[in-house]
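Novice: pasting the sequence and the predicted model now:
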Amino acid sequence: MTILIRSALGFALSVTFSQAVGAQARVVSAPPEPSLLNITRQWSRASTLGDLRELRTDRDYRELRIWLGFGLTTETQAFVLRRASGHWSAFFVRVMRCEMQIPRTVGDTASRATMEQYNAQARQHCGASVPDVAPGSQVVTTDTLLVAPLNLSDSTIDAAWAAAVSAGVLQLPPLVTRSASVDNAATFVIELRTGSDYRASVIEQLERPETLADQQAKDIYAAVVARLRNDEPGVKP
C-alpha cells in the first residue's frame, strides 16, 4: 500500500514538474500593443520558427531573434540563435512578399476564412510582383518567411549569444520614448526567450543614437552578425 502511494505521489510530482518547465512564456517585458511585434509573431507562427512566446520549452532553453527592416525601402531579415536539448542552432530569415490576382467581386464578398485560403495560395507565388492587374481584379498580398539553417558550430553560436548578452540584450527596454516621430526608419525587433521568460523590444535604427538603448540595439545586432558572418559566408547583414 505504501509503495502504491509513493508511486502515485511520484507520478503527480513528475507531471507537475513537466508542466512547469513546459509552460508557455511569462512576458517579462514587451512593448504595448499595437506594435511591430504583432507582425513578427504572425510571421513566425505561420512558419517553422513558431511564435517564440507560445513555444513550450524546458528551463535550459535559450533563443534570440533579431529582426531588422520594416521600412518602406528595406528588406526585413532576422537572425535566430537557439539552444534546445543542449545544442545550438542558428538560422537566417528573410521576409518574402507574395501576391496573386483574384476577381474583385470575389474579394469584396469573401469571408475571412476564404481570404486565408487565398493568402495560402499567394504564398506559392513569392518574390515577384504581379506584373499587370487585369480589369476587374484585385491583388491579394501576404508575406512568408524563408528560414535557412546556418552551418555553424556550437561554439560559434554560443559566442554570438555571449556577445549579445555582453552588449546588453538582457537590459533592453521595450521601446524608446521619442520627442519626435521617426519616419521611414528601419527598426529592430528583438525577441529573447530564456527558459520560461520572454522579453521583446522595438527600437528604431538611428544613425546617431539618442539613448543607451539605441546604441545597445545596434551593438547587439552588429555583434551577432559579425560572429555569424565570419563562419558562414552566405550571411549578409
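Specialist: Okay, I see it.

Novice: shouldn't D108 be within a strand?
Specialist: No - D108 sits outside any strand when classified using DSSP: H, G, I helix; E, B strand; the rest coil, being helix.

Novice: any idea of the mean pLDDT in stretch 67-79?
Specialist: Averaging pLDDT along stretch 67-79 yields 87.

Novice: next one: I66 from H87, what distance?
Specialist: Note on I66: its distance to H87, by CB to CB, to the nearest Å, is 20 Å. Placement of C-beta: from N, CA and C, glycine included.

Novice: scratch that, T194
Specialist: The gap separating T194 from H87 is 16 Å, by CB to CB.

Novice: more neighbours, the two?
Specialist: Shown here are T194 and H87; by other CB atoms under 10 Å, T194 has more neighbours (19 against 9).

Novice: and what about L55, helix, strand or coil?
Specialist: Going by three-state DSSP: L55 is coil.

Novice: who touches T211 in this structure?
Specialist: Going by CB atoms under 8 Å, 6 or more residues apart in numbering, T211 touches V176.

Novice: what do you get if the cut-off is 10 Å, keeping everything else the same?
Specialist: Shown in contact with T211 (CB atoms under 10 Å, 6 or more residues apart in numbering): P173, V176, T177, R178, I203, A217.

Novice: okay, domains of the protein per the record?
Specialist: Taking automatic domain parsing as the reference, the chain has its domains at 24-91+151-231, 97-143.

Novice: so how far is the first residue of the last one from its last?
Specialist: So the one you mean is domain 97-143. Distance across domain 97-143, first residue to last, is 5 Å (CA to CA, to the nearest Å).

Novice: could I get the average pLDDT for that domain?
Specialist: Domain 97-143 comes out with an average pLDDT of 69.

Novice: circling back to that earlier point, okay, the domains of the chain, which one's buried deepest?
Specialist: Counting by mean count of other CB atoms under 10 Å, domain 24-91+151-231 has the highest mean neighbour count of these, with a mean of 17.

Novice: all helices for this protein, in order.
Specialist: Using DSSP state H, the helices of the chain run over 2-22, 36-45, 104-109, 112-122, 154-166, 212-231.

Novice: confidence score at the spatially closest residue to P173 that is not a sequence neighbour?
Specialist: Nearest residue to P173 in three dimensions, chain neighbours excluded: A213, at 5.3 Å (CB to CB, 6 or more residues apart in numbering). Reported pLDDT at A213 in the predicted model: 97.

Novice: A213 and I203 touch, don't they?
Specialist: Yes - look at A213 against I203 with CB atoms under 10 Å: they come within range, at 5.9 Å.

Novice: who touches both of these two?
Specialist: Contacts common to A213 and I203, judged by CB under 10 Å, 6+ apart, are L172, P173, P174, L175, V176, F188.

Novice: and which of these is nearest to R97?
Specialist: Nearest to R97 out of the shared contacts of A213 and I203 is F188 (CB to CB; 20.7 Å).

Novice: which residues touch the closest one?
Specialist: Residues near F188 by CB under 10 Å, 6+ apart: 36, 66-70, 172, 201-205, 213-214, 216-218, 220-221.

Novice: and the lengthiest strand in the chain, how far from the chain's centre?
Specialist: Secondary structure of the chain per DSSP state E: the longest strand is strand 87-103. Here strand 87-103 is found 12 Å from its chain centre; the criterion is CA atoms, centre = their mean, to the nearest Å.
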